[in-house]
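Undergrad: here is my input; please provide its structure:
(one chain, ligands or ions: 1)
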Amino acid sequence: MDFQRQPEVYDLLILGSGAGSKLLAWTFAGQGQKVAVVERRYVGGACPNIACLPSKNVIHTAQIADYVRRSETFGISIDNFRVNMPVVRDRKRKMVQELVDTHLALYRQSGAELIMASGQFVGAKILEATLPDGTKRLLSGKNIVIGTGTHALIENIPGLAAAQPMTHVEALELDVVPEHLIILGAGYVGLELAQAMRRFGSKVTVIDRNHRVIHHEDDDVTEGLQQLFQDEGIEFVLNASVKSVSGVIRWVCSCRDRAERCGEFVRRYSSFSRERARTEYKGHRTRTHWSGTDRAGIYQSKRPPGNDRAWHMGGGRGGGKPAIYAHQRG
Ligand SMILES: Cc1cc2nc3c(=O)[nH]c(=O)nc-3n(C[C@H](O)[C@H](O)[C@H](O)COP(=O)(O)OP(=O)(O)OC[C@H]3O[C@@H](n4cnc5c(N)ncnc54)[C@H](O)[C@@H]3O)c2cc1C
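TA: This next block holds a predicted model:
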């Protein structure tokens with residue numbers, strides 16, 4: 001670190017421009033505070049760019065595809081029905097661009113400064129922002145908020161990373177309907193993608209290590225959901241964990257208490273390498289482990305401390321539930 005440089009000081013400095021971060025930035029800047037947000041890629045965070053909103057856009061199109069496929073049921077005949085995935089993707093991209101433009105306009109209106117750069121803490125309350133051209137800015141804040149979110153996790157299963165599975169990011173950029181999509185993880189994201197791709201025309205198999213889908217919800221809810229998805233033709237392999245992946249796609253699994261099902265699974269999928277199948281893995285891990293928070297003297301706290309000036313919010317704070325809680329500056 002160049003200790004000769006004096007950091008630019010803000011009233012509020014925010015790392016990451018996701019859901020909570022941007023609202024704080026616009027609110028406090030609108031009240032006259034000097035605010036900067038450091039964001040390395042996604043204006044507005046994951047939600048409008050690669051997560052909530054683009055996924056709902058694609059899901060909506062899939063619902064229309066489902067209506068069209070079943071149009072005879074409603075007395076409407078449609079010939080030559082086919083899904084044009086490049087158009088589906090472009091419609092989604094257009095919406096994302098409009099959202100980004102809206103975010104940029106709100107930054108301009110509020111007076112909050114959006115710095116497109118990768119940030120890492122290099123000292124207590126001192127952040128180094130590296131701009132795309134390599135220029136570095138040293139920033140500090142009287143108050144600091146960390147909202148660095150999460151990133152998709154590829155589990156450490158032998159061969160999985162080498163098989164180059166899609167995460168939700170790539171899945172939402174598909175310009176073909178996969179012949180057979182295998183989804184690891186029957187959580188919300190895995191299931192909504194499963195239903196959408198099934199409605200576009202893919203064969204879909206969902207694998208989960210738990211014995212039911214969205215396992216932390218009530219039994220009657222998960223049973224109802226699973227039945228709905230099965231009625232649409234989605235196949236579930238539950239209580240199964242993937243032991244290894246070889247070649248393009250070839251799964252070997254073990255089941256905790258259903259060995260016979262496991263054998264069937266291995267046999268049935270032993271020909272996967274001949275199919276144009278790809279995988280999607282749902283799972284997220286927090287980003288704070290590399291954004292230098294340890295150098296900033298920040299550590300995790302279970303409850304909001306009374307006298308904080310460094311805060312950590314959103315998806316990156318850990319746990320599965322949306323909430324904001326604080327991390328204390330040491
Ligand atoms: C496919 C999918 C669908 C979803 N659908 C829904 C839904 O329908 N409803 C719902 O409520 N939730 C949904 N979610 C969850 C929701 O997207 C997250 O809970 C939310 O985006 C978390 O917001 P955040 O601000 O904590 O993090 P993020 O939105 O991830 O923002 C963090 C930002 O920090 C930036 N960043 C990270 N590190 C640095 C660094 N060192 N320097 C600079 N910038 C950095 C990242 O680029 C990112 O833009 C979905 C998630 C996925 C994956």
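
Undergrad: just give me the neighbour total for A163.
TA: Residues within reach of A163, counting by other Cβ atoms under 10 Å, total 19. The way it works is simple: take the backbone N, C-alpha and C, and place the C-beta from them, glycine included.

Undergrad: name the nearest residue to it, sequence neighbours excluded.
TA: Using Cβ to Cβ, 6 or more residues apart in numbering and skipping residues adjacent in sequence, the residue nearest A163 is V245, 4.8 Å away.

Undergrad: ok, M95 touching L53?
TA: Yes: at 7.0 Å, M95 counts as touching L53 under the criterion of Cβ atoms under 8 Å.

Undergrad: so what are the domain limits for this structure?
TA: 8-152+285-329, 161-281 (automatic domain parsing).

Undergrad: how near is A196 to F74?
TA: 21 Å (Cβ to Cβ, to the nearest Å).

Undergrad: looking at the two, which one has more neighbours?
TA: Set side by side, A196 and F74 show more neighbours around A196, with 25 against 8, by other Cβ under 10 Å.

Undergrad: any idea what sits nearest that one, other than its immediate chain neighbours?
TA: A62 (3.8 Å).

Undergrad: over to L13: give its phi and psi.
TA: L13 adopts backbone torsions of phi -120, psi 130, taken as degrees, to the nearest 10.

Undergrad: name the residues linked to it by a beta bridge.
TA: L13 has these beta-bridge partners by DSSP bridges: A36, I144.

Undergrad: how much space separates it from the ligand?
TA: Applying Cβ to the nearest ligand atom, to the nearest Å, the value for L13 to the ligand is 12 Å.

Undergrad: what's the burial count for the residue in the stretch 51-200 of the chain that the ligand sits nearest to?
TA: Nearest to the ligand in the stretch 51-200 of the chain, going by Cβ to the nearest ligand atom, is G149, at a distance of 2.2 Å. By other Cβ under 10 Å, the residues close to G149 number 25.

Undergrad: one more: the one 10 residues further on?
TA: G159: 16 surrounding residues under other Cβ under 10 Å.

Undergrad: likewise for L12?
TA: Around L12 there are 21 residues (other Cβ under 10 Å).

Undergrad: buried stuff in stretch 198-212?
TA: The neighbour-count check on stretch 198-212 (16 or more other Cβ atoms under 10 Å) flags 198-210, 212 as buried.

Undergrad: next, F81: secondary structure please.
TA: Three-state call for F81 (DSSP: H, G, I helix; E, B strand; the rest coil): coil.

Undergrad: sec struct for the residue nearest to it when sequence neighbours are not counted, please.
TA: Leaving aside its chain neighbours, F81 sits nearest to V68 (5.6 Å; criterion: Cβ to Cβ, 6+ apart). Under three-state DSSP, V68 falls in the helix class.

Undergrad: quick check: V68 touching D79?
TA: No: here V68 lies out of contact with D79, judged by Cβ under 8 Å, at a distance of 11.0 Å.

Undergrad: compare the two and say which is more crowded by neighbours.
TA: Taking other Cβ under 10 Å, V68 and D79 do not tie; V68 has more neighbours (14 against 4).

Undergrad: pLDDT at that one, what is it?
TA: On the pLDDT scale, V68 is placed at 96.

Undergrad: same deal with G320?
TA: Value for G320, per-residue pLDDT: 41.

Undergrad: can you list the residues of the stretch 101-250 of the chain near the ligand?
TA: Proximity of the stretch 101-250 of the chain to the ligand, by Cβ under 6 Å from any ligand atom, involves residues S118, G119, Q120, G147, T148, G149, T150, H168, V189.

Undergrad: hmm, 8 Å instead?
TA: 117-120, 129, 147-152, 168, 172, 188-189, 192-193 (Cβ under 8 Å from any ligand atom).

Undergrad: give me the subset of those residues lying in helices.
TA: H168, Y188, V189, E192, L193 (DSSP state H).

Undergrad: H60 is in contact with the fourth one, correct?
TA: No: between E192 and H60 there is no contact under Cβ under 8 Å: 11.1 Å.

Undergrad: higher neighbour count, those two?
TA: With neighbours defined as other Cβ under 10 Å, E192 and H60 compare such that E192 has more, 17 against 13.

Undergrad: for the residue nearest to that one when sequence neighbours are not counted, give me its contacts.
TA: Nearest residue to E192 in three dimensions, chain neighbours excluded: I59, at 5.9 Å (Cβ to Cβ, 6+ apart). Shown in contact with I59 (Cβ atoms under 8 Å, 6 or more residues apart in numbering): E192, Q195, A196.

Undergrad: sticking with the last one, tell me its helix or strand.
TA: I take that to be A196. helix 188-200 (DSSP states H and E).

Undergrad: give me the contacts around the helix or strand following that helix.
TA: Using DSSP H and E, the helix or strand that follows helix 188-200 in sequence is strand 203-207. Contact with strand 203-207 is made by 179-186, 190-191, 194, 197-198, 213, 229, 233-238, 240, 242, 251, 253, as judged by Cβ under 8 Å, 6+ apart.

Undergrad: so which bits of the very next helix or strand once past strand 203-207 are buried?
TA: Once the chain leaves strand 203-207, the next helix or strand it forms, by DSSP H and E, is helix 219-231. Neighbour-count burial for helix 219-231 flags T222, L225, Q226, F229 (criterion: 16+ other Cβ under 10 Å).
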